[in-house]
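>>> Kindly return the folded structure for what I paste below:
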Amino acid sequence: MSSRLLDFQSYIGGSDNVQVINLFPRSQKTFTYDFNADVSAWTFTADQQSLVLDNIAYDRVSGLPNFADSTITGYMNTVTSIDPSNISNTNAALGQIDFTIPENRYTGPLLPNARKNPVMTVVSFEWASNATPPVKESHRWAIIETWEPGVTVGDPQVSINYVPVGVGAVSTFTDNSATDADRVPGAYTVTGLSNGEGTGATFSVQVTAGGVTNIDLISRGTLYNAADTIQLLDVNMGSGGAADITVTVSTVA
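Numbering: from 1, shown residues only. Below you'll find the model as predicted:
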C-alpha cells in the first residue's frame with residue numbers, strides 16, 4: 001500500500017467535516033445542526049485551539065483561501081474547552097442543536113495582513129450518540145482570525161503563548177525546586193544552562209518568604225530534546241547560597 005504526506009489542505013479535510021470561515025476575534029456566530037432524529041440523550045462538547053500558519057493564498061476569482069502551500073509554524077499552547085452554554089439543545093427532540101462559536105477565541109496580536117503569519121483557530125464540535133457502543137463524530141470550523149481595530153498589531157509568533165513546531169522548543173518540564181530557606185525572596189528572570197545543544201529557554205522564578213519557589217516558562221528556546229536538563233543558577237536568583245535548580249525537559253515541539 002502506498003502512502004504520502006498530507007499537505008495542510010488535505011489534513012484539515014473536505015467540506016463534509018470542516019468549514020473555513022473568516023471572523024473577527026470578537027465576533028461570534030451560531031449555527032444549527034439538524035441530525036434528523038431525537039438527540040435528547042446525546043452528548044455534545046466543543047473545544048478550540050489556535051494555530052499559526054506561514055501564509056495563506058487566496059483565489060483571485062472566488063476570493064476563497066487556498067491552503068495548498070500553507071504550513072503550520074506553531075500553535076498557541078492551550079486547548080480551551082468551550083462553555084457548554086454555547087451548545088443549545090432546546091430543540092433536541094426534533095434533532096436540532098444550536099452551536100455558537102464563541103467570541104474572543106484568540107486574544108493575542110495579529111498582523112493587519114491577510115496572508116502573512118495568519119492565525120487560524122480550529123473549533124471542534126463533537127457529539128456522541130446514546131447507542132451501545134456510542135457513535136462519536138466531530139465537525140471542525142477553521143476560523144481565520146481577521147484583524148480589527150482594538151486588536152494588538154503584532155506578529156503572533158512573538159506571543160508568550162506561541163509554541164513553534166519542529167525546532168526543539170520546550171513544551172513541558174519538571175523541576176526540583178524544593179523550598180530552600182537560603183533562597184532570596186524575589187522575582188527573577190533566568191536563562192538556563194543546558195547540558196545539550198538547546199539554547200534560549202528562559203524561566204520566571206518567583207521566590208516567596210521561607211524560600212518557597214515557583215517556576216514558569218517565559219521563552220521556550222530551540223534545539224532541546226526530551227530529558228535534557230537545564231540549570232538555573234543561584235547566582236542569578238539573589239546569590240543566597242541556595243542550591244541551583246535543575247529543570248528537566250519533558251516534551252518539545
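>>> beta partners for residue 126?
Following DSSP bridges, residue 126 is listed with bridge partners residue 45, residue 138.
>>> quick one: contacts for residue 94?
residue 38 (Cβ atoms under 8 Å, 6 or more residues apart in numbering). The way it works is simple: take the backbone N, C-alpha and C, and place the C-beta from them, glycine included.
>>> Contacts only, for residue 210.
The neighbours of residue 210, taking Cβ under 8 Å, 6+ apart as the test, are 179, 181.
>>> SS state for it?
Assigned state for residue 210: helix (three-state reduction, DSSP: H, G, I helix; E, B strand; the rest coil).
>>> distance of it from residue 181?
In this view, residue 210 and residue 181 are 6 Å apart by Cβ to Cβ, to the nearest Å.
>>> Then residue 148?
Computed with Cβ to Cβ, the distance linking residue 148 and residue 181 is 51 Å.
>>> do the same with residue 236
For residue 236, the distance to residue 181 (Cβ to Cβ) stands at 19 Å.
>>> Who has more neighbours out of those two?
The neighbour comparison of residue 236 against residue 181 (other Cβ atoms under 10 Å) goes to residue 236, with 18 against 11.
>>> Contacts only, for the more buried one.
Contact analysis of residue 236 by Cβ under 8 Å, 6+ apart lists 188, 190.
>>> For it, grab phi and psi.
When read as degrees, to the nearest 10, the backbone of residue 236 gives phi -90, psi 10.
>>> Next one: it from residue 245, what distance?
Taken as Cβ to Cβ, the span from residue 236 to residue 245 is 10 Å.
>>> ok, now residue 157?
Residue 157 is 28 Å from residue 245, by Cβ to Cβ.
>>> And the two? Which one has more around it.
Counted by other Cβ under 10 Å, residue 157 and residue 245 do not tie: residue 245 has more neighbours, with 24 against 15.
>>> In the stretch 101-250 of the chain, mark out all the strands, start to finish.
Using DSSP state E, counting those that start in this stretch, the strands of the stretch 101-250 of the chain run over 119-128, 136-145, 162-164, 170-175, 186-191, 193-194, 202-208, 212-219, 229-232, 245-252.
>>> For the ones you listed, could you give me a markdown table that also reports mean pLDDT and distance to residue 91?
Formatted as a markdown table, these follow (pLDDT from 0 to 100; distance: least, Cβ to Cβ, whole Å):
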| stretch | mean pLDDT | distance to residue 91 |
| --- | --- | --- |
| strand 119-128 | 95 | 15 |
| strand 136-145 | 92 | 18 |
| strand 162-164 | 83 | 40 |
| strand 170-175 | 92 | 42 |
| strand 186-191 | 96 | 53 |
| strand 193-194 | 95 | 57 |
| strand 202-208 | 95 | 48 |
| strand 212-219 | 92 | 45 |
| strand 229-232 | 96 | 54 |
| strand 245-252 | 95 | 43 |
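>>> how about these in a markdown table, adding distance to residue 108?
Listed next are the strands of the stretch 101-250 of the chain as a markdown table, based on distance: least, Cβ to Cβ, whole Å:
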| stretch | distance to residue 108 |
| --- | --- |
| strand 119-128 | 7 |
| strand 136-145 | 9 |
| strand 162-164 | 8 |
| strand 170-175 | 18 |
| strand 186-191 | 21 |
| strand 193-194 | 28 |
| strand 202-208 | 18 |
| strand 212-219 | 15 |
| strand 229-232 | 26 |
| strand 245-252 | 22 |
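>>> So which of these is nearest residue 24?
The closest of the strands of the stretch 101-250 of the chain to residue 24 is strand 136-145. By Cβ to Cβ, the value is 7.7 Å.
>>> how far out from the middle of the chain is the closest one?
On the basis of Cα atoms, centre = their mean, to the nearest Å, strand 136-145 sits 15 Å off its chain's mean C-alpha point.
>>> what's the answer for stretch 162-179, then?
15 Å.
>>> what's the closest of the strands of the stretch 101-250 of the chain to residue 21?
With Cβ to Cβ as the criterion, residue 21 lies closest to strand 136-145 of the strands of the stretch 101-250 of the chain, at 5.8 Å.
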